[in-house]
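Chemist: Test case, fold it:
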Amino acid sequence: MAESSTDKTDRNRLRDVPLRGTYSNGDDPLRNFYLPVLSSSYRYDRVAGYFSSSVLRAAAVGLRRFIDNALEHGGGMRLIVGAQLS
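Modeler: Residues are numbered from 1 along each chain as shown. Here you go, the predicted model:
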């Protein structure tokens, strides 16, 4: 099924996501930062000394949209992590 032009314009753009300067655990950063940002992005680069791959499972909803965007725009995800991925 072909995607209509309305479908494409309804997608959020990263610049349209309302962001705050900081987030803490009490702000539910997964729901209020990561999911909206991933859903609106097509490239993701992360460097972390500690990283659990279980966070990818928790962010699956946002990752689904991210993957669609990455495929459409030639983007992708690059992770440099110091922890063992499970």
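Chemist: What residues sit buried inside stretch 46-58?
Modeler: residue 51 (16 or more other CB atoms under 10 Å). Any C-beta I mention is one placed from the backbone N, CA and C, and that applies to glycine too.
Chemist: what's the average pLDDT for it?
Modeler: Within the predicted structure, the mean pLDDT of stretch 46-58 is 85.
Chemist: Can you give the distance of it from its chain's centre?
Modeler: How far stretch 46-58 lies from its chain's middle: 12 Å, per CA atoms, centre = their mean, to the nearest Å.
Chemist: Please determine how far residue 45 is located from residue 75.
Modeler: Computed as CB to CB, to the nearest Å, the residue 45 to residue 75 distance reads 10 Å.
Chemist: which one of the two has more residues nearby?
Modeler: Using other CB atoms under 10 Å, the more surrounded residue of residue 45 and residue 75 is residue 75, with 14 against 9.
Chemist: Just list the residues touching the residue positioned nearest the centre of the chain, thanks.
Modeler: Residue closest to the mean C-alpha point of the chain, counted by CA atoms, centre = their mean, is residue 38 at 1.6 Å. By CB atoms under 8 Å, 6 or more residues apart in numbering, the contact set of residue 38 is 44, 59, 62, 63, 65, 66.
Chemist: pLDDT weak spots in this structure?
Modeler: Regions of the chain meeting the criterion pLDDT under 70 cover residues 1-12, 83-86.
Chemist: which stretches of it form strands?
Modeler: 43-48, 76-81 (DSSP state E).
Chemist: for the last one, packing partners?
Modeler: Strand 76-81 makes packing contacts with strand 43-48, helix 60-73 when contacts are defined by 3 or more CB pairs under 8 Å, 6 or more residues apart in numbering; DSSP states H and E.
Chemist: which residues are in contact with the last one?
Modeler: Contact with helix 60-73 is made by 11, 34-44, 56, 75-77, as judged by CB under 8 Å, 6+ apart.
Chemist: Out of those, who's the most crowded?
Modeler: Comparing those by number of neighbours (other CB under 10 Å), residue 38 comes first, having 23 neighbours.
Chemist: could you measure that one against residue 59, distance?
Modeler: In terms of CB to CB, residue 38 sits 6 Å off from residue 59.
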